[in-house]
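Visitor: build me a model from this:
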Amino acid sequence: MSFTLAIVGRPNVGKSTLFNRLVGKRLALVDDQPGVTRDLREGAARLGDLKFTVIDTAGLEEVNDDSLQGRMRRLTERAVDMADICLFMIDARAGVTPTDQMFAEILRKRSAHVILAANKAEGSAADAGVIDAWGLGLGEPIRLSAEHNEGLNDLYAQLMPLADAFEEQAEQDAPETDVTLSDEVDEDEAAIGAPKPTKTKPLQVAVVGRPNAGKSTLINKIIGEDRLLTGPEAGITRDSISLQVDWNGTHIRLFDTAGMRRKAKVQEKLEKLSVSDGLRAVKFAEVVVVLLDAAIPFEQQDLRIADLAEREGRAVIIAVNKWDIEEEKQEKLRDLKESFERLLPQLRGAPLITVSAKTGRGLDRLHDAILRAYDVWNRRVTTAQLNRWLTGMLEQHPPPAPQGKRIKLRYMTQAKTRPPGFVVMCSHPDKMPESYSRYLVNGLRQDFDMPGTPIRLHIRSQNDKNPYKGRKKAAPSKLRKHTEGRRK
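Guide: Numbers count the residues shown, from 1 in each chain. Below is the predicted model of the structure:
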């Protein structure tokens, strides 16, 4: 019973609140001010036994020009064309407005299945608005309160027959398919080494950066359509939007995030919500692409964003956008590499890719860099290899002996992947200097071909085999009394 439902209506009628209710999570940003949602956001919804895709859209406004509102309206109209069913929401307390009437007329022509819902309908104050909604000519309005979880049974009753009809149509149209042996072999091969991204478990990639770096434009170019809202204005993206795409044969889920400014500049509540939404996307991602503007690369905020991704343990790629308008390319590239090594030593060896989101140049190299970074992020080294390597590192540069106590590194093993994490057992771990840990991490990075990925190295004390070590000795007088007592 899979179908797509687009929630449309004027700004601030409660579309995002209903979207969050249907997906069971607070995915969409919600605020009292109108016009919070700008992009299309898709989510997996569930209502009773119905499972479907729901699309949250920007509020419809009476504009047709190239302004931000005009571009938002075109995007919403596109969602109407994509969806199987449109849920047209009005504000029952405000009643039917001329704008509602105009959009009802548009939906009647553009969509085959329109369901009318009068939201914010809790209490008697909404009665007049619900009655007015009949005049839109879209049938009986559902009396709904997304915030108070009222009226969803009525929504289910209207969706159920449509879902059955879509299912019957899908069964008629579906070709017969055979599962071949080769498909099973592919799944077995995917289990070896780094897990191969699949349609159900795609590779999670977040694109982050400062406002107006070109994140949404880059993702639009990758997916091959204007799916995300773009423009010359800084800070257009508010929600962290995820889109699944088959990019050069790789199943990838791309997260477009809001531009992140310095904390001191972020004053509005809405921008704070947008930034925290972007930070959450970084935590869910497996690979993070930090997008820089070629004109002003490696600003302080860029460094903070890259460092955040590294501290979260994500595979990091630095992509420099707007490369098509750069004139002195060779000289600029040399300066970029020098700045990268100097300003982000914790990401030594991470890929630095130049791209143009506008022309699409460099996207193949970005795709290959993402797969390579993902593979390294999942790298596993055997314990035997690690201990042979550790012996060589100790011979080349023995650990120091602080206060005359020699630190013995006994053995090493890999405790985890994603990112690679290693444990070294040694004596006096508290006296191990940070510089020696960095020496080992840099050696791991170089000798086991793990450039750029975060490496976690934990120095631990090996359990001593002497069970009496550290115990206090019994006082001689007490020991003598105890012995005499036993003789008596």
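
Visitor: strands along the stretch 351-488 of the chain, start to end?
Guide: With DSSP state E, counting those that start in this stretch as the criterion, the stretch 351-488 of the chain has strands at 352-354, 409-416, 421-426, 456-461.

Visitor: would you tell me which helix is longest in the chain?
Guide: Identified as the longest helix of the chain according to DSSP state H is helix 152-173.

Visitor: what's that one packed up against?
Guide: For helix 152-173, the elements it packs on are strand 41-47, strand 50-56, strand 85-91, strand 114-119, strand 142-143, judged by 3 or more CB pairs under 8 Å, 6 or more residues apart in numbering; DSSP states H and E. To be clear about C-beta, it is placed using only N, CA and C from the backbone, and glycine gets the same treatment.

Visitor: re the thing from before, let's have the strands of the stretch 351-488 of the chain in CSV, adding mean pLDDT and mean neighbour count.
Guide: Formatted as CSV, the strands of the stretch 351-488 of the chain follow (pLDDT from 0 to 100; neighbours: other CB atoms under 10 Å):
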stretch, mean pLDDT, mean neighbour count
strand 352-354, 96, 21
strand 409-416, 93, 16
strand 421-426, 94, 18
strand 456-461, 92, 14
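
Visitor: would a markdown table of these with distance to Pro402 be doable?
Guide: Below are those laid out as a markdown table (distance: least, CB to CB, whole Å):
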| stretch | distance to Pro402 |
| --- | --- |
| strand 352-354 | 38 |
| strand 409-416 | 14 |
| strand 421-426 | 13 |
| strand 456-461 | 14 |
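
Visitor: now Asp226. Nearest residue, chain neighbours left out?
Guide: Asn220 (5.3 Å; CB to CB, 6 or more residues apart in numbering).

Visitor: got the residue ranges for the helices in this structure?
Guide: Using DSSP H, helices in the chain cover 15-23, 68-82, 98-110, 127-133, 152-173, 181-190, 215-223, 269-284, 300-311, 329-343, 363-377, 383-396, 434-447, 476-487.

Visitor: and those helices: which comes nearest Asp256?
Guide: helix 215-223 (5.1 Å; CB to CB).

Visitor: mean confidence for that closest one?
Guide: Helix 215-223 carries an average pLDDT of 93.

Visitor: where in the protein is pLDDT low?
Guide: For the chain, the stretches with pLDDT under 70 are 1, 28-39, 62-72, 173-193, 229-240, 259, 261-277, 463-488.

Visitor: nearest the geometric middle of it, what residue?
Guide: In the chain, the centroid-proximal residue (CA atoms, centre = their mean) is Ala281; its distance is 3.0 Å.

Visitor: thinking again about what came up before, can you pull out the residues in contact with the longest helix of the chain?
Guide: By CB atoms under 8 Å, 6 or more residues apart in numbering, the list of residues contacting helix 152-173 from outside reads 1-3, 5, 21, 47-48, 50, 52, 84-85, 87, 113, 115, 117, 142-144.

Visitor: same thing but at 6 Å, please
Guide: Residues outside helix 152-173 that contact it (CB atoms under 6 Å, 6 or more residues apart in numbering) are Met1, Phe3, Leu47, Gly48, Leu50, Ile85, His113, Ile115, Ile142.

Visitor: out of these, which end up buried?
Guide: With burial judged by 16 or more other CB atoms under 10 Å, the buried subset of those is Phe3, Leu47, Leu50, Ile85, His113, Ile115, Ile142.

Visitor: enumerate every residue touching the second one.
Guide: The neighbours of Leu47, taking CB under 6 Å, 6+ apart as the test, are Tyr156.

Visitor: pretty sure the residue nearest to the centre of the chain is touching Ala206, no?
Guide: Yes: here Ala281 reaches Ala206: they are 4.7 Å apart, a contact under CB atoms under 6 Å.

Visitor: so what sits against both of these two?
Guide: Taking CB under 6 Å, 6+ apart as the contact rule, Ala281 and Ala206 both touch Phe255.

Visitor: ok so, going back, including distance to Arg74, could the helices and strands packed on helix 152-173 go into JSON lines?
Guide: Shown next, in JSON lines, are the helices and strands packed on helix 152-173 (distance: least, CB to CB, whole Å):
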{"stretch": "strand 41-47", "distance to Arg74": "16"}
{"stretch": "strand 50-56", "distance to Arg74": "15"}
{"stretch": "strand 85-91", "distance to Arg74": "16"}
{"stretch": "strand 114-119", "distance to Arg74": "19"}
{"stretch": "strand 142-143", "distance to Arg74": "27"}
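
Visitor: which one, of those strands, ends up nearest to Leu409?
Guide: Closest approach to Leu409 among the helices and strands packed on helix 152-173 (CB to CB): strand 41-47, 48.7 Å.

Visitor: export the closest one as CSV, just CAs?
Guide: Taking Å, rounded to 0.1, in the frame of the first residue of the first chain, the C-alpha atoms of strand 41-47 are listed here in CSV:
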residue,chain,number,x,y,z
ARG,A,41,10.9,17.3,2.9
GLU,A,42,10.0,13.6,2.4
GLY,A,43,9.4,11.1,5.2
ALA,A,44,8.2,7.5,5.8
ALA,A,45,4.8,7.9,7.3
ARG,A,46,2.5,5.5,9.1
LEU,A,47,-1.2,5.8,9.9
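
Visitor: could you check the angle helix 152-173 makes with it?
Guide: Relative orientation of strand 41-47 versus helix 152-173 (axes from the mean of the first three to the mean of the last three CA atoms, to 10 degrees): 100 degrees.

Visitor: can you list the strands that strand 41-47 pairs with?
Guide: Applying DSSP bridges, strand 41-47 is found paired with strand 50-56 (antiparallel).

Visitor: any idea how far the closest residue to Phe448 other than its chain neighbours is from Glu312?
Guide: Nearest residue to Phe448 in three dimensions, chain neighbours excluded: Val381, at 5.5 Å (CB to CB, 6+ apart). Separation of Val381 from Glu312 (CB to CB, to the nearest Å) stands at 22 Å.

Visitor: do the same with Ala165
Guide: 45 Å.

Visitor: between these two, which one's more packed in?
Guide: Using other CB atoms under 10 Å as the criterion, Ala165 and Glu312 rank with Glu312 on top: 16 against 13.

Visitor: if the closest residue to Glu122 other than its chain neighbours is in a bridge, with which residues?
Guide: Distance criterion CB to CB, 6+ apart; nearest residue to Glu122, sequence neighbours excluded, is Ser145 at 4.2 Å. Taking DSSP bridges as the rule, Ser145 bridges to Glu150.

Visitor: and Ser145, how far from Ile90?
Guide: Ser145 is 13 Å from Ile90, where distance means CB to CB.

Visitor: which one of those two has more residues nearby?
Guide: Comparing Ser145 with Ile90 by neighbour count (other CB under 10 Å), the higher total belongs to Ile90, at 32 against 21.

Visitor: give me the neighbour count for the closest residue in space to that one that isn't next to it in sequence.
Guide: Nearest residue to Ile90, sequence neighbours excluded (CB to CB, 6+ apart): Asp100, at 5.1 Å. Asp100 has 24 neighbours, counted by other CB under 10 Å.

Visitor: what's the separation between Asp100 and Ile85?
Guide: Going from Asp100 to Ile85 by CB to CB gives 19 Å.

Visitor: sorry, back to before: between the contacts of helix 152-173, which sits nearest Ala128?
Guide: Ile142 (16.5 Å).

Visitor: wait, that closest one sits on Ala117?
Guide: Yes: applying CB under 6 Å as the test, Ile142 and Ala117 come out as touching, 4.5 Å apart.

Visitor: ok so, going back, right, and the helices of the chain - which one's nearest Ala319?
Guide: Proximity to Ala319 (CB to CB) singles out helix 363-377 among those, at 6.0 Å.
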